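**Student:** Show me the folded form of this:
(2 chains)
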Amino acid sequence: MLDVTALFHMHHEEITRYLVGLTGDADLAADAAQEAFVRLNEKPPASQAQIRSWLYRVATNFAFDTMRVATRRAEIVAERGGDFPMSQDPVPDAQLEQMERREAVRGALKLLRPKERAILLMRAQGFSYKEIAATLDVPMNSIGAVGARGLRKLSAKLSPREAQL
Amino acid sequence: MTQTLFHPVDADLLGFIDGELSGEDARVVEEHLSRCADCQQTVESLSASTSDLESFLRDVSIPRVTPPFVTRRVRPPQLAIIPKSSRVPPWYTRTSLRAALIVCGIGVATFAVTPVRGWVIDFIRNVIQSTDSQADSQDAADPPTSVQLNTSSVAFVPDGQRFEVFIAQHQREGVLTIVAVEGTQARGSIAGSGAADALMVTGGGLSIQNSPGSQSSYNVQIPPSVRQIVIRISNDDSVQIFRDEVVREGEMIVSLSPGA
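**Tutor:** Presented below is the predicted three-dimensional model:
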């Protein structure tokens, strides 16, 4: 019997983080994560060996579909400077530079294509290339190239001088 | 795999960072990196961007969400398929219905096993009998009132037959209709005059409407050609007309003859 509650505690937070980075919209990220677990509860996959990848695939597809339909909403989110719910804990002055770095990453992620964002974010979440390829339905041998191109864009945005070297 | 004389492509460098290269490819890239400052810088740049991404993901604030948040969205349809008939009414409705059933049961049992039943039956019987006796006494106090045609005043004149109708005081409403019959098919006309509650002369005769307490008389003129009249009484008063003939509710055909 599938223990949805245990799987929820295990994966919900990391999937939501990934979706926030992927969509740039906290509400859409929450909806996509919820949709993944609702489907897990209603129609779980036949094989339970790759539950984590299955959840990422469902959530990613839902997010992509929604973003395609709600183009105008994405434009509004972009116009108002994104909707990343960053931590509200008091930040000492010493961490101010780190906060600015995160803001820069947030802006740089907007420059990437959706597939590039998905690959880089899943990679940052510890997925292997094989898992990323299976989850996003892309060729495995393209993961490195697409990921490197995305990182180059990020680097060019975050450290322009380093990128020129 | 790219030759050692050339720089590895970014995909190979990233694969090297991520441990996705095979053993031989990883060894070649590692050897190249030991001699190529540019590729070392590229790897550092890719690693720094990766660290930025990982840091960014760690700092995303996620609201506390518990599993019921998920299950709540799933459960409403399950609740919606519960048939209405299986819903239990509130406690006060159930208690009221039980109390009403108990009271009704006690009432029925008491009626069946005690003299109360006999009392009720006697009471109903007495009510029926008293109603019947009141109706009989009313009939006795209100005997049929005669509408009498004073035949003594009937006189025939050369131009026709004339008689006087006298309606004595009576109590019930009714209509006395006199219709002239000429031969057996055609109907002649009867003209009348005098005081009456309502006297209507129609093409075939006249109609006298009596109301309770009325007393009136009027003359009826019948053309000479008329040899029969039809007297129609709409109520149950007995009518004495033409000597001793009595008409009750219904019709009576009276033949007229000069000098009668």
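
**Student:** Ranking helices and strands of the chain by mean pLDDT, which lands last?
**Tutor:** Here I'm looking at chain A. Here the helix or strand of chain A ranked lowest by mean pLDDT, DSSP states H and E is helix A:160-164, holding a mean of 53.

**Student:** try again with chain B
**Tutor:** strand B:155-157 (a mean of 34).

**Student:** how about A:A145, what does it touch?
**Tutor:** Contacts were defined as Cβ atoms under 8 Å, 6 or more residues apart in numbering or on different chains; by that measure A:A145 touches B:9-11. Every C-beta, even on glycine, is put in place using the N, C-alpha and C of the backbone.

**Student:** Go back to those and keep what's next to chain A.
**Tutor:** Applying Cβ under 8 Å from any Cβ of the partner chain to the contacts of A:A145, one finds that B:9-11 fall near chain A.

**Student:** A strand includes B:V179, no?
**Tutor:** Yes. Under DSSP: H, G, I helix; E, B strand; the rest coil, B:V179 sits within a strand.

**Student:** How confident is the prediction for the nearest residue to it once chain neighbours are set aside, by pLDDT?
**Tutor:** Spatial nearest neighbour of B:V179, chain neighbours left out: B:G205 (3.6 Å); criterion: Cβ to Cβ, 6 or more residues apart in numbering or on different chains. Note for B:G205: predicted pLDDT of 71.

**Student:** For A:L136, see how far away B:G205 is.
**Tutor:** From B:G205 across to A:L136, the span is 110 Å (Cβ to Cβ, to the nearest Å).

**Student:** if we can go back for a sec, what's the ChimeraX syntax to select whichever of the ones next to chain A among the contacts of A:A145 are buried?
**Tutor:** Only the buried entries of the ones next to chain A among the contacts of A:A145 go into this ChimeraX selection, using 16 or more other Cβ atoms under 10 Å in any protein chain shown:
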select /B:10,11
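
**Student:** Serialize the ones next to chain A among the contacts of A:A145 to TSV and add fields for pLDDT and secondary structure.
**Tutor:** Formatted as TSV, these follow (pLDDT from 0 to 100; DSSP: H, G, I helix; E, B strand; the rest coil):
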residue	pLDDT	secondary structure
B:V9	89	coil
B:D10	88	helix
B:A11	89	helix
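
**Student:** now what about stretch A:124-133, what contacts it?
**Tutor:** Residues from elsewhere that reach stretch A:124-133, judged by Cβ under 8 Å, 6+ apart: A:14, A:17-18, A:50, A:53, A:56, A:119, A:122-123, A:135, A:138-140, A:142-144, B:15, B:18, B:20, B:50, B:53-54, B:57.

**Student:** Just the endpoints, please. Distance across it?
**Tutor:** Terminal residues of stretch A:124-133 are spaced 14 Å apart (Cα to Cα, to the nearest Å).

**Student:** Please apply the same query to stretch A:45-55.
**Tutor:** Note: stretch A:45-55 ends 10 Å apart using Cα to Cα.

**Student:** Now do the buried residues in that stretch.
**Tutor:** Here stretch A:45-55 shows A:45, A:51-55 as buried, counting by 16+ other Cβ under 10 Å.

**Student:** chain center to that stretch, what's the gap?
**Tutor:** Relative to its chain's centre, stretch A:45-55 lies at 18 Å (Cα atoms, centre = their mean, to the nearest Å).

**Student:** Can you confirm whether it lies near chain B?
**Tutor:** No. Taking Cβ under 8 Å from any Cβ as the criterion, stretch A:45-55 and chain B are apart, separated by no less than 12.0 Å.

**Student:** on that earlier part again, B:G205 and A:L136 - which one has more neighbours?
**Tutor:** Of the pair B:G205 and A:L136, B:G205 is the one with more neighbours under other Cβ atoms under 10 Å in any protein chain shown, namely 25 against 21.

**Student:** just for the chain, where's the confidence low?
**Tutor:** Unless you meant another one, I'm taking chain A. Along chain A, the parts satisfying pLDDT under 70 run over A:1, A:70-95, A:160-165.

**Student:** if you could check chain B rather than the one you did, that'd help
**Tutor:** For chain B, the stretches with pLDDT under 70 are B:1-5, B:64-87, B:132-176, B:180-204, B:209-228, B:231-260.
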